[in-house]
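> The following comprises the amino acid sequence and a computationally predicted model.
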Amino acid sequence: MKQTLIATVTLGLVVGAIACDVYAQTVGPDQQVVTGIGNDSCASYVLALAEDRPTAAIEMEGKTYYTAANAYTQWINGFVTATNLASKPGRGQILVDVNGIALWIKNFCDANPSERIVNGVVAFVRAHKAKIK
């Protein structure tokens, strides 16, 4: 029994190490890792917005359920917030409301449906940072 447990744990560690090594090898030196739904296609975001507004949520039996449009919008706004936090306070802040950001990204995604959402957000940040300087 003890040997089986040791063998199972060892196998798990080896598989985990191989998986980490394979993952690390797939990320090139000039690439950045993006997590979450920002990796989804722009087409996914456009379709979600076609069904619901960017901040839509459903209240049911005392619980809040967020729509796909809301989830994408929250990820996008988190990215913009992180960008603002990385800037000096009071300088270089992107001051666009949630619907303005959603519309800008939607327009980017309409024109580039096969791009990832993160690419649209990066384009948004670059366009708005350029206006601030």
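Here it is on my side, so go on.

> Using the record's domain definitions, break this protein down for me.
1-32, 34-132 (automatic domain parsing).

> Let me know which of the ones you listed is tucked in deepest.
Among these, ranked by average contacts under mean count of other CB atoms under 10 Å, first place goes to domain 34-132 (a mean of 15). (Glycine included, C-beta is placed from N, CA and C.)

> chain center to it: distance?
Between the mean C-alpha location of domain 34-132 and the chain-wide mean there is a distance of 8 Å, by CA atoms, centre = their mean, to the nearest Å.

> which of the domains of the chain has the lowest average pLDDT?
Comparing mean pLDDT across the domains of the chain, the lowest value falls on domain 1-32: a mean of 48.

> centroid residue for the chain?
Taking CA atoms, centre = their mean, the centroid of the chain lies closest to Gly38, which sits 2.7 Å from it.

> Pretty sure that residue sits in a helix.
Yes - counting by DSSP: H, G, I helix; E, B strand; the rest coil, Gly38 is found in a helix.
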